[in-house]
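Undergrad: I need the structure of the sequence given here:
(2 chains)
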Amino acid sequence: KAGVTQTPRYLIKTRGQQVTLSCSPISGHRSVSWYQQTPGQGLQFLFEYFSETQRNKGNFPGRFSGRQFSNSRSEMNVSTLELGDSALYLCASSPHPTANTEAFFGQGTRLTVV
Amino acid sequence: GENVEQHPSTLSVQEGDSAVIKCTYSDSASNYFPWYKQELGKRPQLIIDIRSNVGEKKDQRIAVTLNKTAKHFSLHITETQPEDSAVYFCAAKGNNNDMRFGAGTRLTVKP
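TA: You can find the predicted model right below:
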């Protein structure tokens, strides 16, 4: 069974540009969550998707958005990039939002904004 | 939403000693508390979890305790080994079913 796959693994963008990151969950998993990881800040919750609907959203500006497709794959988009957006972006999948079971993480996308 | 605080941020122990990491959470409706280990350059991976209907769970050298009244839970690692060195994250699944993480603890086990 393939794990959670995130693409691309690395990105370098310029301030003001926009970026789209992709996450393919484990087959059969329908819930996808996104996190931003920066040194000292841990894993900051961005949003969670289930059945193509955003169920929860963290405290991030509107420049951060996402969506989920009918095959449960998810994308997140960051517009008007700022230097502070440089981070590791992780997605995690689980079977269902209410399932109290392990969330499986992807390898992450390392975004560098210059 | 749920708010999780984790302490300490860094922890250094001698090989063979025990390590304890503590977390508190804010949402009294939270009912699932996993712990993840993240080695350098790798993805976070679950090492143990506990649900709110139990107070303690043990898996070999790792144990987690949960105090629902006080809204805190702890990770205990006994007989630490150099390969235990990593960043550890606690998490809580709140009323909205979203998983919130603590800021992480960098554990260093000195040989």
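Undergrad: Residues of chain B that sit close to chain A?
TA: Counting by CB under 8 Å from any CB of the partner chain, the positions of chain B adjacent to chain A are B:1, B:6, B:9, B:31-32, B:34, B:36, B:42-46, B:49, B:51, B:89, B:91, B:93, B:96-104. (Glycine included, C-beta is placed from N, CA and C.)
Undergrad: Separate out the buried members of those.
TA: B:6, B:31-32, B:34, B:36, B:43-44, B:49, B:89, B:91, B:93, B:96-104 (16 or more other CB atoms under 10 Å in any protein chain shown).
Undergrad: Run through the helices of chain B in chain order.
TA: Secondary structure of chain B (DSSP state H): no helices present.
Undergrad: What ranges in it fall below the confidence cut-off?
TA: By pLDDT under 70, chain B has no low-scoring segment.
Undergrad: again, but for chain A
TA: Looking at chain A by pLDDT under 70, you get A:1.
Undergrad: Quick check: residues of it near chain B?
TA: A:33, A:35, A:40-45, A:48, A:55-56, A:58, A:90, A:92, A:97-98, A:100, A:102-103, A:105-108.
Undergrad: Which of those residues fall in strands?
TA: If you go by DSSP state E, these have A:33, A:35, A:42-45, A:48, A:55-56, A:90, A:92, A:105 in strands.
Undergrad: Could you identify the most distant pair in the residues you listed?
TA: Taking CB to CB, the two most distant members of these are A:Gly42 and A:Arg55; they sit 21.3 Å apart.
Undergrad: Tell me where chain B has strands.
TA: B:4-7, B:10-14, B:19-25, B:32-38, B:45-51, B:56-59, B:62-67, B:72-77, B:86-93, B:99-101, B:105-110.
Undergrad: Distance from the chain centre to the last one, please.
TA: Taking CA atoms, centre = their mean, to the nearest Å, one finds the center of strand B:105-110 at 13 Å from the center of the full chain.
Undergrad: quick one: contacts for the most centrally placed residue in chain A?
TA: Residue closest to the average C-alpha location in chain A (CA atoms, centre = their mean): A:Trp34, at 3.2 Å. When contacts are counted by CB atoms under 8 Å, 6 or more residues apart in numbering or on different chains, A:Trp34 touches A:23, A:45-48, A:66, A:74, A:76, A:89-91.
Undergrad: try B:Ala103
TA: Contacts of B:Ala103 by CB under 8 Å, 6+ apart are A:40-42, B:5-6, B:9.
Undergrad: got the CA positions of stretch A:34-52 in PDB?
TA: Presented in PDB, the C-alpha positions along stretch A:34-52 are these (Å, rounded to 0.1, in the frame of the first residue of the first chain):
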ATOM      1  CA  TRP A  34      -2.200  20.300   6.100                       C
ATOM      2  CA  TYR A  35       0.400  21.600   8.500                       C
ATOM      3  CA  GLN A  36       3.200  24.200   8.300                       C
ATOM      4  CA  GLN A  37       6.400  23.200  10.100                       C
ATOM      5  CA  THR A  38       9.000  25.800  11.000                       C
ATOM      6  CA  PRO A  39      11.800  25.600  13.600                       C
ATOM      7  CA  GLY A  40      10.500  26.200  17.100                       C
ATOM      8  CA  GLN A  41       6.900  26.500  16.000                       C
ATOM      9  CA  GLY A  42       6.100  22.800  15.700                       C
ATOM     10  CA  LEU A  43       3.300  21.700  13.400                       C
ATOM     11  CA  GLN A  44       0.900  24.500  12.800                       C
ATOM     12  CA  PHE A  45      -2.500  23.400  11.600                       C
ATOM     13  CA  LEU A  46      -3.600  24.900   8.200                       C
ATOM     14  CA  PHE A  47      -6.800  23.200   7.200                       C
ATOM     15  CA  GLU A  48      -8.500  19.800   6.900                       C
ATOM     16  CA  TYR A  49     -10.500  18.400   4.100                       C
ATOM     17  CA  PHE A  50     -13.100  15.600   3.800                       C
ATOM     18  CA  SER A  51     -15.400  14.800   1.000                       C
ATOM     19  CA  GLU A  52     -14.100  17.800  -1.000                       C
END
